[in-house]
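Undergrad: Okay, predicted coordinates and the sequence, questions at the end:
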Amino acid sequence: MVTSQTIFGIVVPTTQIEKRKIPIKPDVSPAIIDRVVKNRWNKKQILWSMVLLVPPLSLVYPTFSSSRRTKMNIFTSFRISNLNLLFLILPFIGVGRSSVEVPRPRGVSLSRLALYDPEKDFTCFDGSNTIPFDQVNDDYCDCPDGSDEPGTSACPGGSFQCTNAGFKPEILSSDRVNDGICDCCDGTDEYSGKKTCVNNCLEVGRAAREEAARLAELFKVGKQLRAELAQEGQKMKNEKQEKLNELAKNREEAENVRLEREEIKKKAEELENKALEYYRELEDQYKKKKAEQEAEKLKEEALENFKKFDSNQDGLIDIAEIQSRSSFDRDRNGQVSEEEAKLFLNNQDSVELETFIEKSWPLMKPFVSIDSSMYKPPVTDSELEGEEQEGHEEQEKSLGELEEGEIEQDEEDEEEAEPEETQEEEHKVEYDEETQKLVDQATEARNQYDDADRDVKSINDQIRQIEESLKKDFGPEEEFASLEGQCFEFKNLEYTYKLCPFEKTVQIPNSNSMETSLGRWGKWDGPSGNSYSAMLYDNGQNCWNGPNRSTKVNLFCGGENKVTSVSEPNRCEYAFDFETPAACHIAGSRDGEADVHDEL
Amino acid sequence: MGRRIFLLGLVLALLGTPLAVDKNNFKTCEQSSFCRRLRKYEPGNSVYHLDLSSLQVNENSIEASLVNSEVPAANLKLHLQAVVGNIFRVTVDEVNGLHPRYKPQFALNGEPQVNKLEVLERNLETVTVKCGSNKVKVTANPLKLEFYQSEQLVAVVNGKGLFAFEHYRNKPAEGETDVQIKDDPGAWEENFKSHHDSKPRGPSAIGADFSFPGSERAYGLPEHGDYLPLRTTGTGGNDPYRLYNLDVFEYELDSTMATYGSIPVLYAHGTKHTVGVFWHNAAETWVDINNSKDGNMVSSLVNLVSGSKTEANVDARFMSESGAMDFFVLMGPTPRDAVKQYASLTGVHTLPQLFALAYHQSRWNYNDQDDVTNVVAKFDIHNMPLDVMWLDIEYTDSKKYFTWDPIKFSQPENMVSNLTGTGRKLVVIIDPHIKREAGYFLHEDALKYDFYVKNKEGNVYEGWCWPGSSSYLDVYNPAAQDYYKKLYSLEFFKGTTHDVWLWNDMNEPSVFNGPEVTMPKDMVHYGGWEHRDVHNEYASAYIRITHQGLLLRSPHRRPFILTRGHFAGSQRFAATWTGDNEAKWSHLAASLPMCLSEALSGLSFCGADVGGFFHNPDPELLQRWYQGGIWLPFFRAHAHIDTRRREPFLYPDEVMSNIRHSLRLRYAHLPLWYTLFWEHETTGEPVIRPLFYHYPEDEKVLDIDNTVLVGQSVLARPVTTAGETSVEVYLPGGSNAKWYDIEDYNLYQGGSHKVPVSLDKHVVFYRGGSIIPRKDRPRRSSTVMHNDPFTLYVALDSNNAASGTLYVDDYQSFEYKNDKKYLYVHFKFENNKLTSSLIDKTDYATEEWIERVIILGPVNKHVSKAKITSKSLGVATLEVSYDAEYKSLTIRKPAVSVREPFTIELV
């Protein structure tokens, strides 16, 4: 069974790291680990020895830790000596116990023991070579597949098995043998004598068993919780389906109501229309009169201003006369350019009164009125650049504000059904009683229709929402469904991260609340066969000079819903770890059914 | 290391310009006043003559007044000296000039040892001197120096009459015309873009032309993103090769533009002789090259038709903005001699620790301490060797060097101890710009003790770099040097240990808002030198402090430093790399000529960012890059912060497997690399070499720069183009030469071959005649390989003989030097007998032994036994087997210590 565990924050197969699962901070060096473990060993040695099957090698077979002065000795002695004495780990007759370890060449697993028969020549597993048995484990690679050197580093790609009594056997790449680093918890990978490794398999084994038990318990609970979640999810799905049916029915009713009311509205409006014809005519007349008055007023204004602008009294307004008035500085650069001036002069060098009234004044009027109220002339060039810019900003800002205000005003106006009536209070039409009644009836019919229409739209919205939700894949048994609509936070020193399953991931700096989207719900993204082990949220906010942000959420079995870590392995690609009972079935996830049985 | 993301990047992004070098940010010769002035000189009009009546003859030199007939007031003296090892030195300086003229302080490895100079002939027109088999004929009017190897003229100085020496002068009054400077508008002040150079000392350029009769190519003058052979420059063609250390954003290839380093040494090489020039000057320098082969088409055609050949010739012209004129002529006569002569002047890289030759994994940036630990763990899980993890600028607390980010790197000690627990090391970056922040000890101390570079008004210079507003350490101030080197101590730089080493980047120096992204030339250094005078040496002066600091910190460990800026002599302090390259095939290809050029110029410890710094390499490019990168001395993967993660374990199995294969090949050859570095230290020979270095008489190799020789025994021709199924490789040595494919042991004769290249193929050969020591047991790091046994690869030549060397010591300390604790072993194979002997009378108690001997190309396949003889083993019999597929003999387990002389005879 494939198991895995997190060490230093990475998920790695348990086979490779169980030995380190001693209760020690992960970031201390092996040297420190050795020391710590050694102390533990000394304290409990006596107790352990009662149940220990294989005590530290040095106790059993001193040769392995002390006799090897140099490699040269090994080789010469290997060539001449009886192999059984040197390369076999001899059986250990347990301290007062009856357990017996089977003799086998160093680094060989029990399952392969039969392939190493000291009475026969050894044939490489791949059949490529047959060698005298004393060339097995003689620190020279005779077999391309490495099978003749299970206990040395001689063969590239070979493998070495640590027995790890008290824990579980482990297969190492043979280049870990005698490299000065303790890899096996029983230390058997370092037998050259140059590195003293302490056997901490019992501690590691116990810790692993405890951890396994914890995880198994968690998994048990988790599975139960998951079943409940699945039930809930199924229920939610059914409810949604039911709701959908209900809504569909409601929609039909609501549409019928809307149809009826539309009829009524149509009739009432026909009557109203007819009744209002007379008043509309009156209104037109009034408007026409008003327009004439306005035009007259504009003409008077124009005439007055013409006289004012025509400084040289020649009956023409020319460019120079416009340029002398800062009101016409359209781009607010402190100067009225020739082009700016010509814009007001119908693109001519000068205009006479008639053109002025028709073309120029309507263009000029807004500028003249702004000038008289808000416009401030720009500061002169001689002042400091910085100040000048500040001045500009202020101007622009004030203009901007003004425009915005105007726009808002316009929008409000448009929203009113009949703006003119509301705006011009002095002109309020009084209907006769009958007409007023028809108008009131039509208004009522319109309101009734609007209500019915809103109902239909609201039902449609609900239907769309539920359909969208039903389209989402909440897992094979709907076990993730209840996560929708919830959000889970993870806070580190700089940021708070939020996972809202099936919706989005975001990042919020702790210093302010500027939310950055790290992705919107995309899809299940686990490896094939295990797709529900990870989620992808993509199309988040774009990174400058880079991709859109995205988040991969890795799911793990846990007793409660919780984001346990957040990282950014690639620029703008985030990784969240999320624990949830809903994930308590995922293969290769943090399931607790670790294989921690002893070999013996 | 990266770049001005916020300034330049933003601007580029806004303009929508494709990211590439913006040439407008850097000067052309025409935009540089002194280059423009000197290039206006007409050939054949030299106004300089020697006053031989003033000739003074000394034991090792001659000297005489040099007269500028246009400006007789200029008081110049020429000095010609013989230097030990077939070298002449020529110096021209002002006598009692207005200002002193700068000579680089750190390029030479001590004053060159002088040699005896013999005057053969002298009169008022000429004087001829001799040293060994070389002689120099000095002609007085106009000045001309002719250098002879025996009777062969190999170099001429001022043969074209373009010699120039602008003595310091007072600014002419309004209306006065300077006869020498004419009226160049940039002579007394100069503008480039928005930058103003006030030039308070006025014009001070120097220049000289060199002709090399009989030379077919010129090489050297790094660092340029260019071919190995130097190309013809000149009006209408390429700008001159520019030597001015600059932080060029996305430097372009096939270009003579300046980049991060400048080494003003040039080798003129023909099939008959080689001669070199080392232009010992640290100011901005331009070098024009003219190769007669690039002359007009007609004469080449005539030559082709008639079969006759006018003698080949290469001309070079050095032009520098200021400083004394001081150049060395390296008399060869072979490329090997000339390169060693250069090394004898500027020194060598001392033997690095073994880990430094192994694989380095870097990225801008590993996010935090856990990230570092995780990356290493993944290398172990996937059985890929790794020795060094690197931290770029983000590990610091807000770019304040000698500090750690308090959150991301809160426990550097633990991180380092996790690394060293499996034999790994850490390298951290330290740059010379200093953040101007109140409360930052370094800034406050630098202000307090007056350690900063000043502007011409005498105020502290402020520029813009990674930390924002920054000032720059005046690396020429001895007190600043003394202060700064102590910062590397373990007490001071908390979190570091004896296993943490240094990366000095941005030391051109890079100034984001300075002219051409560097320091303005009118800034002032200690001693009153203008930045103009010392610029190209700034990086070298800086890494020299780091080097001293690390020796002080870890007196028993050989320092490792990587530098980006470099100059002549930098090899004594640091390794270098080709800077911020790109994830493009062209940049993979360029890494070979660029490093070969550095290696010829003293800097053997060179590499390129594997994978390319900018942008994302596709898996094919990445695999090929690893396959090529393992054959350059410095082997580091590095990437820009905006790139995707690309550690090899992130790729699918087949990609991972190919990269693992490359990594293991590198590790297997570490004994060879290590031996070559020892030989580099002791002989000055480069670790990697272009083909012409060992095959100087072969015309066919003159332009080959896609092939690198590792020492003399390994030839690598990496695949540097996409989608290749086969590549052309030229194996030198003639038809008698034998070359063995290192993967399938296929035998090739000298000549051109087309070799198929599947995606896992390394196109690499062992030269027949060489013995290559390897360690074929894969391990997770080089540190845990120290005691592993060797396999000897005996590649037989046509005489069925071979030889090779192996150097062994403790791989880290100075005991090899101080206590002679090393072994230098010579292996020789002839007459079916392998003999091992110690070259030096030294000893080192190593546990390394020989586990296997593989003989490539054996004559007799039917050998089944060998007899080993040594003192401790006596006589013993070894098994020998023949592998028909690989056509090789394997001698099984000699099990003899490399410490002990032995013979193994096939019987």
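TA: Received it, and whenever you're ready, just let me know what you need.
Undergrad: Could you list the low-pLDDT ranges of the chain?
TA: Just going to use chain A. A:1-102, A:370-428, A:586-600 (pLDDT under 70).
Undergrad: could you do chain B instead?
TA: B:1-19, B:296-310.
Undergrad: most remote residue from it's center?
TA: Relative to the centre of chain B, the most outlying C-alpha is that of B:Gly175, 48.4 Å out, by Cα atoms, centre = their mean.
Undergrad: Quick check: it vs B:Lys182, distance?
TA: 14 Å (Cβ to Cβ, to the nearest Å). Any C-beta I mention is one placed from the backbone N, CA and C, and that applies to glycine too.
Undergrad: ok, now B:Asn115?
TA: B:Asn115 sits at a distance of 41 Å from B:Lys182 (criterion: Cβ to Cβ).
Undergrad: So these two - more neighbours on which side?
TA: The residue with more neighbours, out of B:Asn115 and B:Lys182, is B:Asn115; 18 against 10, by other Cβ atoms under 10 Å in any protein chain shown.
Undergrad: show me the residues around that one that make contact.
TA: B:60, B:82-85, B:131-132 (Cβ atoms under 8 Å, 6 or more residues apart in numbering or on different chains).
Undergrad: and those, which of them are in strands?
TA: Per DSSP state E, strands hold the following members of those: B:82-83, B:131.
Undergrad: In stretch A:429-439, which residues are buried?
TA: Under the neighbour-count criterion of 16 or more other Cβ atoms under 10 Å in any protein chain shown, stretch A:429-439 has A:435, A:438-439 buried.
Undergrad: give me the residue from the stretch 501-600 of chain A nearest chain B.
TA: Per Cβ to the nearest Cβ, the residue of the stretch 501-600 of chain A with the smallest distance to chain B is A:Asn570, at 5.1 Å.
Undergrad: residues near that residue, how many?
TA: If we define neighbours as other Cβ under 10 Å, then A:Asn570 has 17 of them.
Undergrad: Do any residues in stretch A:516-528 lie close to chain B?
TA: No: judged by Cβ under 8 Å from any Cβ of the partner chain, stretch A:516-528 makes no contact with chain B; its nearest approach is 12.8 Å.
Undergrad: Any chance you could list what contacts that stretch?
TA: Applying Cβ under 8 Å, 6+ apart, the contact partners of stretch A:516-528 are A:472-473, A:497, A:501-508, A:531-541, A:548-552, A:555, A:574, A:586.
Undergrad: give me that answer again for 6 Å
TA: By Cβ atoms under 6 Å, 6 or more residues apart in numbering or on different chains, the residues outside stretch A:516-528 that reach it are A:502-507, A:531-541, A:549-551, A:574.
Undergrad: which parts of the stretch 801-907 of chain B sit against chain A?
TA: B:847, B:893, B:895, B:897 (Cβ under 6 Å from any Cβ of the partner chain).
Undergrad: With secondary structure as extra columns, can I get those residues in CSV?
TA: Converted to CSV, those look like this (DSSP: H, G, I helix; E, B strand; the rest coil):
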residue, secondary structure
B:Glu847, coil
B:Lys893, strand
B:Ala895, strand
B:Ser897, strand
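Undergrad: Turn those residues into CSV, including neighbour count.
TA: Shown next, in CSV, are these (neighbours: other Cβ atoms under 10 Å in any protein chain shown):
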residue, neighbour count
B:Glu847, 17
B:Lys893, 25
B:Ala895, 24
B:Ser897, 21
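Undergrad: Check the residues you listed and tell me the two furthest apart.
TA: B:Glu847 and B:Lys893 (15.6 Å; Cβ to Cβ).
Undergrad: Against chain A, how distant is B:Leu391?
TA: From B:Leu391 over to chain A the distance is 16 Å, taken as Cβ to the nearest Cβ, to the nearest Å.
Undergrad: again, but for B:Asp810
TA: From B:Asp810 to chain A the distance is 14 Å (Cβ to the nearest Cβ).
Undergrad: What is the neighbour count of that residue?
TA: Number of residues near B:Asp810 (other Cβ under 10 Å) recorded here: 17.
Undergrad: Enumerate the residues of chain B near chain A.
TA: B:370, B:373-374, B:377, B:383, B:407, B:414, B:417-418, B:421-422, B:642, B:644-645, B:777-779, B:784, B:847, B:893, B:895, B:897.
Undergrad: residues from the stretch 151-300 of chain A in reach of chain B?
TA: So the stretch 151-300 of chain A meets chain B at A:153, A:156, A:173, A:175, A:179-181 (Cβ under 6 Å from any Cβ).
Undergrad: ok so, going back, of the contacts of stretch A:516-528, which belong to strands?
TA: Per DSSP E, the subset of the contacts of stretch A:516-528 in strands is A:504-507, A:534-538, A:550-551, A:574.
Undergrad: and A:Gln462, helix, strand or coil?
TA: Applying three-state DSSP: A:Gln462 is helix.
Undergrad: which stretches of the stretch 501-650 of chain B form strands?
TA: B:561-563, B:566-567, B:575-577, B:606-607, B:636-637 (DSSP state E, counting those that start in this stretch).
Undergrad: The residue nearest to B:Phe106 when sequence neighbours are not counted: neighbouring residues, count only.
TA: Excluding the flanking residues, the one nearest B:Phe106 by Cβ to Cβ, 6 or more residues apart in numbering or on different chains is B:Ser540, at 5.0 Å. Using other Cβ under 10 Å, B:Ser540 has 30 neighbouring residues.
Undergrad: contacting residues around B:Ser540?
TA: B:106, B:567, B:569-570.
Undergrad: The nearest residue to A:Trp361 once chain neighbours are set aside is in what secondary structure piece?
TA: Once flanking residues are discounted, A:Trp361 sits nearest to A:Ala302: 3.8 Å by Cβ to Cβ, 6+ apart. Using DSSP states H and E, A:Ala302 maps to helix A:201-309.
Undergrad: Would you mind pulling up the elements that that helix packs against?
TA: helix A:433-471 (3 or more Cβ pairs under 6 Å, 6 or more residues apart in numbering or on different chains; DSSP states H and E).
Undergrad: On the three-state scheme, B:Phe829 is what?
TA: Look at B:Phe829: counting by three-state DSSP, its state is strand.
Undergrad: What is the neighbour count of it?
TA: B:Phe829 has 25 neighbours, counted by other Cβ under 10 Å.
Undergrad: go on, A:Glu242?
TA: A:Glu242, neighbours per other Cβ under 10 Å, totals 10.
Undergrad: again with A:Leu247
TA: Residues lying near A:Leu247 (other Cβ under 10 Å) number 20.
Undergrad: In this model A:Arg464 seems to touch it, though I could be wrong.
TA: No: counting by Cβ atoms under 6 Å, A:Leu247 sits too far from A:Arg464 to count as a contact (10.1 Å).
Undergrad: shared neighbours of those two, which are they?
TA: By Cβ under 6 Å, 6+ apart, no residue touches both A:Leu247 and A:Arg464.
Undergrad: For the residue of the stretch 701-850 of chain B found nearest chain A, which non-adjacent residue is closest in space?
TA: Closest approach between the stretch 701-850 of chain B and chain A, counting by Cβ to the nearest Cβ: B:Val784, at 4.0 Å. In this structure, B:Val784 finds its nearest non-sequential neighbour in A:Asp179, 4.0 Å apart by Cβ to Cβ, 6+ apart.
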